[in-house]
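Colleague: This is a predicted model, with the sequence first.
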Amino acid sequence: MTISIDTNVIAALWNDEDPFNAVAVKMLGHARTQGKLVVPAPVYSELMAGPLRDEAALDSFFSVTDIAVEWTVGEEIWREAGRVYRGYVQRGNSSGGQLPRRILTDFLIGAHAMSRDYALLTFDRRLYAAAFPKLKILAD
């Protein structure tokens, strides 16, 4: 099995003060025993916004942890992310804007995992289960 990792899991792993840090360590340890670990390009890009995270640090982290970065996010993934994101925005508009604000990157991450038949390791089970009902989600 291949497991795609959401940004929130790695961000929690890197922050010892994050309340989800210990959970992230445990989740990643367990996921490592289940199969190959990957991140899609949008996760890499989001992680660059973190403190003290430049390309060299990210490349080193992914190399040391043997987590592959999948740089190619093809047309199928972009289209699926757009369709699901459109549905999310429409639901928000019809509910008076009551849904939490999400960005397109969340939907690219989900579309990447779903399109490639990967499991997704995330703290956002609710979002991904609603947006991608067929996606296998691994969460705390």
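Modeller: Good, I have the coordinates. This one's a predicted model, so the numbers in the text were calculated from it and none came from an experiment.
Colleague: tell me which strands and helices the host helix or strand of residue 64 is in contact with?
Modeller: Using DSSP states H and E, the secondary-structure element containing residue 64 is helix 55-65. Counting contacts by 3 or more Cβ pairs under 8 Å, 6 or more residues apart in numbering; DSSP states H and E, helix 55-65 packs against helix 41-47. Using the backbone N, CA and C atoms, a C-beta is placed for each residue, glycine as well.
Colleague: any idea which helix or strand of the chain has the worst average confidence?
Modeller: helix 75-94 (a mean of 85; mean pLDDT, DSSP states H and E).
Colleague: ok now that one, how far from the chain's centre?
Modeller: The chain centre lies 16 Å from the centre of helix 75-94; the measure is Cα atoms, centre = their mean, to the nearest Å.
Colleague: Name the surrounding residues that touch it.
Modeller: Judged by Cβ atoms under 8 Å, 6 or more residues apart in numbering, the contacts made with helix 75-94 from elsewhere in the structure are 98-99, 102, 104, 107-108, 110-112, 114-115, 131-132.
Colleague: buried stuff in the helix holding residue 64?
Modeller: Burial within helix 55-65, assessed by neighbour count using 16 or more other Cβ atoms under 10 Å, is assigned to 58, 62.
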